[in-house]
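A.B. asks: heads up, no residue letters with this:
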């Protein structure tokens, strides 16, 4: 006796929503990623042992490159320590939580004290806490 | 005569979306590969926000570290300007047990730096001081841009 053939069942998974999922993933990555404007600054950070990973990224970044040029939030500006104080002060007023008033300080390892300490003092006078950026590793020998 | 109808076959005008997900996933892979995942590392530096320097009280009792380009000098109590290595400094600071001290005054360490000292050296000593639990106070010159 001939058995009646069952109708063929299409077992292909539906892939029409894959594109939507992928684009949702792209949008998620784009929103969660913070693009730093610091990559073009020629500043080699100093090394130290047991540094902490910075979880809360400060909203203001002050950088000093190897040629002693000053950058404010990634933009090269001819700023004196006094003008840094004014700018940081204005930016810090926008942050209501005092504990989050932090400035990321990125400085080349060979900059002399006369420069970096003047800017660290300027940040401090603006009522912000400096967070010194470095890389984890064995520091240079004395 | 019967006229042949043009376009009698129904044409599908839907855009082929089959490759759409492939393009999107290619984009994701590109972003993941091209992005550099770097979490910045660093250390906090709490400096007193005084605009004018105050005269140091109890100079003899306060621990002072003089940082020069070539050496670290430690002054504390009866020890005056004793040259120490990084390791010695770390060991000495650990022995002080700063986090256990009752008052903040006892935890204060004054850091004085020579003008020529590079940032890497300063950063390293700040790191050692931070780890020991000391409260860092820096001495800045009255006149800026001297030398």
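C.D. replies: Sure thing, it's come through. Bear in mind that the values here come from a model prediction, so they are computed numbers and not experimental data.
A.B. asks: give me the distance between residue B:116 and residue B:138.
C.D. replies: 16 Å (Cβ to Cβ, to the nearest Å). (Glycine included, C-beta is placed from N, CA and C.)
A.B. asks: the two: which is more packed in?
C.D. replies: Comparing residue B:116 with residue B:138 by other Cβ atoms under 10 Å in any protein chain shown, the one with more neighbours is residue B:138, at 18 against 13.
A.B. asks: for the closest residue to that one other than its chain neighbours, what is the enclosing helix or strand?
C.D. replies: Nearest in space to residue B:138, with sequence neighbours left out and distances taken as Cβ to Cβ, 6 or more residues apart in numbering or on different chains, is residue B:111 at 5.1 Å. According to DSSP states H and E, residue B:111 maps onto strand B:108-113.
A.B. asks: can you list the strands that that strand pairs with?
C.D. replies: strand B:63-67 (parallel), strand B:135-138 (parallel) (DSSP bridges).
A.B. asks: hey, which of these is tucked in deepest?
C.D. replies: strand B:63-67 (a mean of 20; mean count of other Cβ atoms under 10 Å in any protein chain shown).
A.B. asks: contacts for the following helix or strand past it?
C.D. replies: Remark: after strand B:63-67, the chain's next helix or strand is strand B:72-76, criterion DSSP H and E. The contact list for strand B:72-76 (Cβ atoms under 8 Å, 6 or more residues apart in numbering or on different chains) reads A:142, B:62-67, B:81-86, B:89, B:92, B:125.
A.B. asks: again, only using 6 Å
C.D. replies: If you take Cβ atoms under 6 Å, 6 or more residues apart in numbering or on different chains as the criterion, strand B:72-76 is touched by B:63, B:64, B:65, B:66, B:81, B:82, B:83, B:84, B:89.
A.B. asks: contact partners for the second one?
C.D. replies: Contacts here follow Cβ under 6 Å, 6+ apart; on that basis residue B:64 touches B:75, B:110.
A.B. asks: distance of it relative to chain A?
C.D. replies: 16 Å (Cβ to the nearest Cβ, to the nearest Å).
A.B. asks: repeat for the fifth one
C.D. replies: Relative to chain A, residue B:81 is positioned 17 Å away (Cβ to the nearest Cβ).
A.B. asks: can you pull the contacts of that residue?
C.D. replies: Residue B:81 sits next to B:73, B:75 when contact means Cβ under 6 Å, 6+ apart.
A.B. asks: which strand or helix spans it?
C.D. replies: Per DSSP H and E: strand B:79-84 holds residue B:81.
A.B. asks: list the strands paired with that strand, with their directions.
C.D. replies: strand B:72-76 (antiparallel).
A.B. asks: give me the three-state assignment for the residue of chain B found nearest chain A.
C.D. replies: Closest contact between chain B and chain A, by Cβ to the nearest Cβ, is at residue B:24 (3.1 Å). Judged by DSSP: H, G, I helix; E, B strand; the rest coil, the three-state class of residue B:24 is helix.
A.B. asks: isn't it right up against residue A:23?
C.D. replies: Yes - using Cβ atoms under 6 Å, residue B:24 is in contact with residue A:23, at 5.2 Å.
A.B. asks: which SSE is immediately downstream of the helix of greatest length in chain A?
C.D. replies: If you go by DSSP state H, chain A has its longest helix at helix A:18-32. Counting by DSSP H and E, the next helix or strand C-terminal to helix A:18-32 is strand A:47-48.
A.B. asks: I would like the residues contacting that next one, please.
C.D. replies: Here strand A:47-48 has contacts from A:134, A:135, A:137, A:139, B:123, B:124, B:127, using Cβ under 6 Å, 6+ apart.
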